[in-house]
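Colleague: please work out how this folds:
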Amino acid sequence: MNLLELFDEQLVHFDFEAESSDELLEKMVDHLEKRNLVKDTYRQAVIEREHKFPTGLPTKVMSIAIPHTDVVHVNQSCISITRLKKAVPFREMGNANTEVEVNLVFMLALNGSQDHLKVIQKLISLFSMEDVMKDLQKASSKKELLDTVFQAIHEMEII
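Modeller: From the prediction side, this is the model:
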């Protein structure tokens, strides 16, 4: 799977506002549903999965969340990115008793059963690069945010 093909500038949201992780997920799913990228079951499935298996991931620069759910809820594979105006609490991946203040969300909608683990591993590699995270944090537009992701993927040769 070519990671770059999963991104689309129309699925990048900049300075987004939400009061909670659930509200944020709802708003992000709205955009995916409007483009018929996910089935009507995706909304409930992604929220339920986030409650059971949190995806908040702290990094040295800022915290990220990687919400996703099963392939049966997806029509077409994509990744939606949202950078928040104000951080929203998500429970931490691997430590559900801890909350992290998430600034950036990469919502995965993947319809290939083998794709989830590979894509998550590639994204976590990207998130471990402090310079990339700083560039994502200071990006001033959707295009700059997406260009930063594309450049990092090319440099890492993780396509």
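Colleague: for the protein, where's the lowest mean pLDDT among helices and strands?
Modeller: Least confident element among the helices and strands of the chain, by mean pLDDT, DSSP states H and E: helix 115-127 (a mean of 86).
Colleague: can you pull the contacts of Ser141?
Modeller: Under the criterion of C-beta atoms under 8 Å, 6 or more residues apart in numbering, the neighbours of Ser141 are Phe14. To be clear about C-beta, it is placed using only N, CA and C from the backbone, and glycine gets the same treatment.
Colleague: for Val105, give me its contacts.
Modeller: Leu24, Met28, Ile64, Ala65, Ile66, Pro67, Ser80, Ile81, Thr82, Leu84.
Colleague: want to try JSON lines for those residues, with distance to Met107 as columns?
Modeller: Shown next, in JSON lines, are the contacts of Val105 (distance: C-beta to C-beta, whole Å):
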{"residue": "Leu24", "distance to Met107": "9"}
{"residue": "Met28", "distance to Met107": "5"}
{"residue": "Ile64", "distance to Met107": "11"}
{"residue": "Ala65", "distance to Met107": "8"}
{"residue": "Ile66", "distance to Met107": "8"}
{"residue": "Pro67", "distance to Met107": "5"}
{"residue": "Ser80", "distance to Met107": "4"}
{"residue": "Ile81", "distance to Met107": "8"}
{"residue": "Thr82", "distance to Met107": "7"}
{"residue": "Leu84", "distance to Met107": "13"}
